[in-house]
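K.L.:
quick one: sequence plus predicted model below, questions after.
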Protein chains: 2
Amino acid sequence: MRVVIAKCSVDYAGRLNAHLPLATRLLMLKGDGSVLIHSDGGSYKPLNWMSPPCSVSDVEVEQDQADAGITEIWKVVHHKTADMLVINIHEIFSDASHELGVDPGLIKDGVEAHLQKLLAEHIETLGEGYQLVRREYFTAIGPVDILARDENGGHVAVELKRRGDIDGVEQLTRYLELMNRDPLLAPVQGVFAAQEIKPQARTLAEDRGIRCVVLDYDALRGMADHNALF
Amino acid sequence: MRVVIAKCSVDYAGRLNAHLPLATRLLMLKGDGSVLIHSDGGSYKPLNWMSPPCSVSDVEVEQDQADAGITEIWKVVHHKTADMLVINIHEIFSDASHELGVDPGLIKDGVEAHLQKLLAEHIETLGEGYQLVRREYFTAIGPVDILARDENGGHVAVELKRRGDIDGVEQLTRYLELMNRDPLLAPVQGVFAAQEIKPQARTLAEDRGIRCVVLDYDALRGMADHNALF
DNA sequence: GTATGCATGTCGCAA
DNA sequence: TTGCGACGTGCATAC
């Protein structure tokens, strides 16, 4: 990885056109050819970038460009699309390369997939006598997170979110509408389950007869641990 | 901005829990307290990060941690949420600070507004005899991208997207529901126009009687160019 | 390879 | 602050 601190201006042409006026920035050139241009602030998103697969090449500086103060021009082209990034270097303050090696990668815990697995394994969390039919029950408009049966054998469609928002309720509503047209499934009840449910989402859901369940991730994991122990 | 190349392991606890095993990485500490942890590869997204507002502090290294090879511990805490990032430094290979100043920011030249303008100017793309009523037709729940009339004088509401997704169909459905309650407008037909329409979105749209139209941006631009020429 | 939905999404705007 | 829509969304995964 090469890290350069330089005064530069940047132009991007691809899915849109964008321009960065002259300023001092950090340029990160990664081993796979990708380039990131960061300012001292903002978020993790660079001001501008080129995603791999791509490659960087030096372009000869014309006389008029040199007169304008440009000392180097780096052209980054994407290998598959026509995306292009041109970095006009005016002054380099620092330029260092480091060998980082391959990263072992991030280990995540607590994403929706994991939550879904835990809830499916402990579907009785939703109510006594509940039984799992299957995860990712497929419909014409997408997969329902969990399909279950309640204590009376009636179908229950569960939409699972980390944060329960209005669009999650809309999603579940679409599934319910479709599934309730299927005589083999109807009537299907809806359960909106999330670690946190926004008030407006709850209002909308309950107005539509959808039950809201706030999940305790740690408690679910605790149950899993308990089962693992015994 | 401070840029550090170090062998480190990282733990994040917040919206989820995540762990980075020991490896050499780039640590970017920005002026606003935010921290980015990058590997030599991947995309513009860091392996791990903390968004501002947040602050970094040094934590004293316990004896057993020192025995494990840890020389420094940086703790990054978010000021508003309980999000926390702990960086265990084992070895620092490079540590440099640079004054970057405030960035003038990115100047974008988008394509979205342009597409709407082009379609409005060539509304007959949607069908012979179509006539533009107006762009950004305002309703109580938001502006409809384009309102037009078909060859029979009936109203047509057009929702325009670069990528036609289910969300866009929902949006248009809400508009249509509202507009069809207005005796001055009803009946209003719906047209879902995008450069690309996802199959599931198409299914949902057609199930609701909404017509799907795939737009050719280059062709529309070509028509505009042609008009500009003659 | 294409298609689909999640994301520590982030970001910006408006009410 | 919350809601809502766009993003050069990126990204993994199932088909």
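P.N.:
Right, received. Where do you want to start?
K.L.:
if I look at residue A:185, how far off is residue A:130?
P.N.:
16 Å (C-beta to C-beta, to the nearest Å). Backbone N, C-alpha and C define where each C-beta goes, glycine included.
K.L.:
I'd guessed residue A:26 sits against residue A:42; true?
P.N.:
No. If you go by C-beta atoms under 8 Å, residue A:26 and residue A:42 don't touch, sitting 11.6 Å apart.
K.L.:
and those two? which has more neighbours close in?
P.N.:
More crowded of residue A:26 and residue A:42, by other C-beta atoms under 10 Å in any protein chain shown: residue A:26, with 23 against 17.
K.L.:
quick one: secondary structure of that one?
P.N.:
Judged by DSSP: H, G, I helix; E, B strand; the rest coil, the three-state class of residue A:26 is strand.
K.L.:
contact partners for the residue nearest to it when sequence neighbours are not counted?
P.N.:
Spatial nearest neighbour of residue A:26, chain neighbours left out: residue A:38 (4.5 Å); criterion: C-beta to C-beta, 6 or more residues apart in numbering or on different chains. Counting by C-beta atoms under 8 Å, 6 or more residues apart in numbering or on different chains, residue A:38 makes contact with A:25-28, A:46-47, B:1, B:28, B:36.
K.L.:
likewise residue A:3?
P.N.:
Listed by C-beta under 8 Å, 6+ apart, the contact set of residue A:3 reads A:26-29, A:94-98, B:3, B:5, B:26.
K.L.:
try it again with 10 Å
P.N.:
A:26-30, A:36, A:38, A:94-98, B:3, B:5, B:26, B:28, B:38, B:94, B:96 (C-beta atoms under 10 Å, 6 or more residues apart in numbering or on different chains).
K.L.:
just the ones of those in strands?
P.N.:
A:26-29, A:36, A:38, A:94-97, B:3, B:5, B:26, B:28, B:38, B:94, B:96 (DSSP state E).
K.L.:
pull out the buried members of these.
P.N.:
Using 16 or more other C-beta atoms under 10 Å in any protein chain shown as the burial test, those include A:26-29, A:36, A:38, B:3, B:5, B:26, B:28, B:38 as buried.
K.L.:
shaky segments in chain A?
P.N.:
Within chain A, the ranges that satisfy pLDDT under 70 run A:224-230.
K.L.:
residue A:159: what's its closest spatial neighbour, skipping adjacent residues?
P.N.:
residue A:172 (3.8 Å).
K.L.:
next: residue A:160.
P.N.:
residue A:145 (4.3 Å).
K.L.:
let's verify residue A:160: helix, strand, or coil?
P.N.:
strand.
K.L.:
sorry, slip of the keys, the one I care about is residue A:176.
P.N.:
Criterion first, three-state DSSP; result for residue A:176: helix.
K.L.:
with that, I have no additional questions.
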